[in-house]
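In: give me coordinates for this.
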Amino acid sequence: MTTDPVLGHAFVDATLLERALTHRSAGHLNNERLEFLGDALLNLFVAELVYEQYPRADEGEMTRLRAALVNGAALAELARAEELGDRLHLGPGELKSGGFRRESILADAFEAVLAAIYVDSGWSACRDTVRRLFATRVAAGANTPKDAKTRLQELLQSRNLPLPAYELVGSWGEEHARIFEAVCRIDSADILTRGSASSRRAAEQIAAEQALTQLERSFSDE
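Out: Numbering: from 1, shown residues only. The predicted model follows:
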């Protein structure tokens, strides 16, 4: 018996969809394994689209574009558009804290559903879903702004300076609402900045943005 379509796919095995939409806070049988698989599938299929649509782009340009298309914020936006948050199974703590709106939970659920499509109906079904959802986004991606870490790296390279070092220096909070603190260190410019966010990646981006601001100010004063 098929289900109502999710991401345009009607599941033959409805239990796969239920697993994909079950956060770890709701129990042992959750979507973490599917999210792991979905992340790999999504990166591959989006990379294929980028490779096809940008024949003159080099490896660095393709990597930046793919990263912009499959980051947590972008996937959470897609999950909201598909109303996945309304279908999530969350534990009491996540329900109380509004986990159905949390970017990381929505992004993970999106990836898990893609993996569930793969397990349910195979490679072509999953690939077709990704291509349908991302083709237009990939085509428009040439103007996607670079993230802070990329801009900081390119600025340092333009001055023949060593690249920054990032380090996770702490984390705190309950498991479902963890906060991570990271530092960005540029010894050659005597810069050390900090960022805090709900993921290590986001914390590093905040620290990089602050370091970039300090570095640009320093260079403008020369």
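
In: so what's Asp108 closest to, chain neighbours aside?
Out: Nearest-residue entry for Asp108: Glu35, 4.6 Å, with adjacent residues in sequence omitted and distances by C-beta to C-beta, 6 or more residues apart in numbering. (C-beta placed from N, C-alpha, C; glycine too.)

In: for the least confident helix or strand in the chain by mean pLDDT, packing partners?
Out: One helix or strand of the chain scores below all others by mean pLDDT, DSSP states H and E: helix 92-96, with a mean of 85. Helix 92-96 is packed against no helix or strand, with contacts defined by 3 or more C-beta pairs under 8 Å, 6 or more residues apart in numbering; DSSP states H and E.

In: residues in contact with that helix?
Out: Residues outside helix 92-96 that contact it (C-beta atoms under 8 Å, 6 or more residues apart in numbering): His23, Ser25, Ala26, Gly99, Phe100, Arg102, Ile105, Glu174, His176, Ala177.

In: show me the contacts for Val130.
Out: Contact analysis of Val130 by C-beta under 8 Å, 6+ apart lists Leu41, Leu42, Phe45, Val46, Leu49, Leu114.

In: after the strand or helix carrying the second one, which helix or strand is next?
Out: Read it as Leu42. Using DSSP states H and E, Leu42 falls within helix 32-53. Using DSSP H and E, the next helix or strand after helix 32-53 towards the C-terminus is helix 59-70.

In: and that next one, average pLDDT?
Out: On average, the pLDDT along helix 59-70 is 88.

In: who are the packing partners of the next helix-or-strand element following that helix?
Out: Going down the chain from helix 59-70, the next helix or strand is helix 72-81, by DSSP H and E. Helices and strands touching helix 72-81, by 3+ C-beta pairs under 8 Å, 6+ apart, are helix 103-121.

In: in the helix holding Leu42, what's buried?
Out: Of the residues in helix 32-53, 34-35, 37-39, 41-43, 45-50 count as buried by neighbour count, 16 or more other C-beta atoms under 10 Å.

In: now do that helix: distance to the chain's middle.
Out: The chain centre lies 11 Å from the centre of helix 32-53; the measure is C-alpha atoms, centre = their mean, to the nearest Å.

In: quick one: Ala197 from Glu204, how far?
Out: Distance, Ala197 to Glu204, by C-beta to C-beta, to the nearest Å: 9 Å.

In: so the two - more neighbours on which side?
Out: More crowded of Ala197 and Glu204, by other C-beta atoms under 10 Å: Glu204, with 23 against 17.
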